[in-house]
Structures are given as structure tokens and as C-alpha cells.
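Colleague: Please work out how this folds:
(one chain, ligands or ions: 1)
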Amino acid sequence: MTTKEYTDAELKKLKDAYKAQRCGCKRRKDRQGTQIEMRMTFDQWLAVWEESGKLHLRGAGKGRYCMSRLDDLGHYEEGNIAIILTTENCRQGHLGRPSKIKGRPSPRKGMPLADEHRAHVVESLKRHQLTTVVCPHCGRTGQLLVMHRHHFDHCPTVRLKALS
Ligand SMILES: [Zn+2]
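Modeller: I've put the predicted structure just below:
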């Protein structure tokens, strides 16, 4: 399966890396709660790395490469993996997961909208920005989206009337 010759030390290091990944994923679940499994043999694993040409850059940190599961879902198995930059893998891993800071973000946080969806949002925003409305209480005009903050039910003249 393998194409290159390795020294015993190199081979041991690679085998250890494979084992560490296989054991490590026993403790991990993907964002759908599925237990992640290593479904490749060492030879298959090594072949993927050799094919990528990034084996010498395998490791942690900036500019290094790692084995990633497509869309960060499913198992480590043929057809579901890619060798990508660790920084890119980290970014993908955070998509749709809650941030550690606070609150509960959208489950689609950071994921791009479909083209059709994006066009719809842009068009809707444009329409609202172009629409001007008049406050019935004070007669001021302004953009539809912002006028409701300080006019209509929140118009200062309404509050003044309520006070007097
Ligand atoms: Zn007003």
C-alpha cells in the first residue's frame, strides 16, 4: 500500500500518530452527537497522507496539516476525509457550535447562506431602506427600519403627552 520507504523510527512515529488519532476519537462526538470512529487501517491512513503530499507537514499549529472529516461530521473513513490546514479545521469545528463566551448562538452561526437566501435578504434590506415612513405623532419622516425605534409608539411627543 505504501509507496515510500521509512526507517523503523519513522514508521513507529507514524504508527503512534495513527493510534493516538484512533484512541483520541473514542472520546469525541461530532455536533450531532455521533460517536466518532476511526474506520481506516494504518495502511489506508498512511496512503491518504502520502497522496496529499503533506505528510511532512503533519502536526499541530499554524501552517501544519491534519486529517479532517468532511463538514466535521461522520467518521474517519475513506471518502469522508481530507487533509487540510489545522487552522481551517479549527474554524470548521466551531461552526454551529456554541461559543464559549456567552449566550446561545444560532445553530447556523458562521455558515454561509445559500445564494437564493442571500439574494432574498439583500433585496429585503434594500426595500426597507428605500421605504420612508411618516410618524403620525410628530410628522417626521425616515427609513422604515429605524423610525420605529424613536417614533410611532416610541415618539417623544407621545411620552410628553402621557406625562402632562
Ligand atoms: Zn414621532
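
Colleague: isn't residue 45 right up against residue 18?
Modeller: Yes. Between residue 45 and residue 18 there is a contact under Cβ atoms under 8 Å: 5.2 Å. For glycine as for every other residue, the C-beta is placed from the backbone atoms N, C-alpha and C.

Colleague: contacting residues for the residue lying closest to residue 135 once chain neighbours are set aside?
Modeller: Setting aside the residues directly before and after it, residue 135 is nearest to residue 151 in space (Cβ to Cβ, 6 or more residues apart in numbering), at 3.7 Å. Counting by Cβ atoms under 8 Å, 6 or more residues apart in numbering, residue 151 makes contact with 135, 137-138, 140, 142.

Colleague: Looking at the residues you listed, spot the one nearest residue 119.
Modeller: residue 142 (26.1 Å; Cβ to Cβ).

Colleague: Run through the bridge partners of the closest residue to that closest one other than its chain neighbours.
Modeller: Using Cβ to Cβ, 6+ apart and skipping residues adjacent in sequence, the residue nearest residue 142 is residue 132, 6.4 Å away. With DSSP bridges as the criterion, residue 132 is bridged to residue 143.
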